[in-house]
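Peer 1: what's the 3D shape of this:
(one chain, ligands or ions: 2)
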Amino acid sequence: MTQQAPTPVAALRRIAFLLERAREDTYKIKAFRSAAAAILPLAEDELAAKTAEGTLTDLPGVGASSAKVIADSVAGRVPERLAKLEEQYAGPLAPGGRELRKALRGDLHSHSDWSDGGSPIEEMAFTAIELGHDYLVLTDHSPRLTIAHGLSAERLGRQLLVVDAVNEHLAGSGFRMLKGIEVDILTDGALDQSEEMLAQLDLRVASVHSKLAMDAEQMTRRMIAAVENPFTNVLGHCTGRLVTGSRGTRPGSRFDARKVFEACLANDVAVEINSRPERRDPPTALLELARDLGCLFSIDSDAHAPGQLDMLDYGCERAEAAGIEPERIVNTWSSERLVAWANG
Ligand SMILES: [Zn+2]
Ligand SMILES: [Zn+2]
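Peer 2: Ligands and ions are numbered 1, 2, ... in the order given. Just a heads-up that it's a prediction; the model follows:
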């Protein structure tokens, strides 16, 4: 079987994508993404000349393995590295939840390099389009999360202009980048962004990132206050637990889940099913409790890199196993319905 060789930029991007969704080492992945960015402005003949001269690695950001990928695709071959990765990593990330995955029209939780993500906004948008999404909500962190370069009101204001520009560029594609935030739930339950800014967004995910080990009663009050805030639309990774991965593991916060989910139901807030394998949040018992109480859900990638947008597969598998109907999952809805719901 002959396969058409991708362009050099496409090959490098696809390699990075496959490595990201497989949760490979970020340093290695960065190398392919920087190489793609380095050769993007070059004309085809310029790139061919550099390949022939063997001077590709003189370009800042292009290392030996990227140069090999570029040389292969300039020569019209499917790069060996890419072919291997396709064999090893392509295809669904989880065997279950395939029907539900097809029903998802977008993703409500993603990060760019404006906070602690690894890629620019437009790269996240392009990959979301490639995955077939109708929309992606950009939800970078809020100011108090300094460790993740949380956005001040002023930076968020500028980011919104960039999102407008990206959308203008993508007009006619059928895809829309939606304006959002992953707003930190402060210890007293307040949201870490001005109401003026929150009001300008299409959707807001509220999550706890600090003092996860606080007393259960206090944590319950804190989370309910956040859920009752009229700006909150989605309760992000509710327990904060980590079950695997390079950041190690930690137990989830303790709180009265029934009370918190009842507040979600009463305030029309969706409970996030966070798809990241490190999180698998909420744990199954809580997921089933929220299901039985009649809560809405959103299945989110919480992607910090383009390839991680594909991690929705994991969340879909869990939602399907829990028997959650697609109609209750807000990202099976159209962007119009979603934004109307989030601002109703
Ligand atoms: Zn978070
Ligand atoms: Zn996040």
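Peer 1: elements contacting the lengthiest helix in the chain?
Peer 2: Looking across the chain with DSSP state H, the single longest helix is helix 153-169. Under the contact definition 3 or more C-beta pairs under 8 Å, 6 or more residues apart in numbering; DSSP states H and E, helix 153-169 sits against helix 121-130, strand 176-184, helix 195-198. For glycine as for every other residue, the C-beta is placed from the backbone atoms N, C-alpha and C.
Peer 1: now do the second one, average pLDDT.
Peer 2: Pointing back at strand 176-184 there. The average pLDDT within strand 176-184 is 98.
Peer 1: for it, enumerate the helices and strands it packs against.
Peer 2: With 3+ C-beta pairs under 8 Å, 6+ apart as the test, strand 176-184 has helix 121-130, strand 135-138, helix 153-169, helix 195-198, strand 203-207, helix 335-342 packed against it.
Peer 1: can you list the residues of the stretch 101-250 of the chain near ligand 2?
Peer 2: Contacts of the stretch 101-250 of the chain with ligand 2, taken as C-beta under 5 Å from the ion, map to E182.
Peer 1: give me that answer again for 8 Å
Peer 2: H109, S110, H111, T139, H141, E182, V205, S207, G236, H237 (C-beta under 8 Å from the ion).
Peer 1: using TSV, lay out those together with neighbour count.
Peer 2: Below are those laid out as TSV (neighbours: other C-beta atoms under 10 Å):
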residue	neighbour count
H109	27
S110	32
H111	25
T139	29
H141	25
E182	29
V205	26
S207	25
G236	29
H237	25
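Peer 1: among those residues, which one sits closest to R279?
Peer 2: Distance to R279, by C-beta to C-beta, is smallest for H237 among those, at 5.3 Å.
Peer 1: need the pLDDT of the nearest residue to V234 once chain neighbours are set aside.
Peer 2: Leaving aside its sequence neighbours, V234 sits nearest to V205 (C-beta to C-beta, 6 or more residues apart in numbering; 4.4 Å). Per-residue pLDDT puts V205 at 99.
Peer 1: next one: T2
Peer 2: You'll see T2 listed with a pLDDT of 51.
Peer 1: skipping its backbone neighbours, what lies nearest G117 in space?
Peer 2: Distances taken as C-beta to C-beta, 6+ apart put H111 closest to G117, at 3.5 Å, once the chain neighbours are dropped.
Peer 1: most tightly surrounded among the helices and strands packed on helix 153-169?
Peer 2: Greatest average neighbour count among the helices and strands packed on helix 153-169 goes to strand 176-184 (a mean of 25), per mean count of other C-beta atoms under 10 Å.
Peer 1: what's the angle from that strand to strand 203-207?
Peer 2: Angle, strand 176-184 to strand 203-207, by axes from the mean of the first three to the mean of the last three C-alpha atoms, to 10 degrees: 30 degrees.
Peer 1: and the residue of the stretch 101-250 of the chain found nearest ligand 2, what does it touch?
Peer 2: Scanning the stretch 101-250 of the chain for the residue nearest ligand 2 gives E182, at 4.6 Å (criterion: C-beta to the ion). E182 is in contact with H109, H111, T139, D140, H141, S142, V205, A206, S207, G236, counting by C-beta atoms under 8 Å, 6 or more residues apart in numbering.
Peer 1: now those as TSV including distance to D313?
Peer 2: Formatted as TSV, the contacts of E182 follow (distance: C-beta to C-beta, whole Å):
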residue	distance to D313
H109	15
H111	19
T139	20
D140	23
H141	24
S142	28
V205	20
A206	25
S207	22
G236	19
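Peer 1: so which of those comes closest to G189?
Peer 2: A206 (9.5 Å).
Peer 1: tell me what that closest one is bridged to.
Peer 2: V183, L235 (DSSP bridges).
Peer 1: tell me the contacts of it?
Peer 2: By C-beta under 8 Å, 6+ apart, the contact list for A206 reads E182, V183, D184, I185, L191, A226, V227, N229, T232, V234, L235, G236.
Peer 1: repeat for G118
Peer 2: G118 neighbours (C-beta under 8 Å, 6+ apart): T26, I29, K30, R33, H304, A305.
Peer 1: hang on, the earlier thing: could you identify the pair within the contacts of E182 that is furthest apart?
Peer 2: Going by C-beta to C-beta, the pair spanning these furthest: H111 and A206, at 15.2 Å.
Peer 1: quick one: low-confidence parts of this structure?
Peer 2: The chain contains residues with pLDDT under 70 at 1-3.
Peer 1: please, where are all the helices along it?
Peer 2: Under DSSP H, the chain gives helices at 8-21, 26-39, 44-53, 64-74, 80-89, 98-103, 121-130, 153-169, 195-198, 216-228, 257-266, 284-293, 312-321, 335-342.
Peer 1: point out the other elements, helices or strands, that the third one touches.
Peer 2: Judged by 3+ C-beta pairs under 8 Å, 6+ apart, helix 44-53 is in contact with helix 64-74.
Peer 1: re the thing from before, export the helices and strands packed on strand 176-184 to CSV and tack on distance to G76?
Peer 2: Shown next, in CSV, are the helices and strands packed on strand 176-184 (distance: least, C-beta to C-beta, whole Å):
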stretch, distance to G76
helix 121-130, 23
strand 135-138, 33
helix 153-169, 30
helix 195-198, 50
strand 203-207, 44
helix 335-342, 39
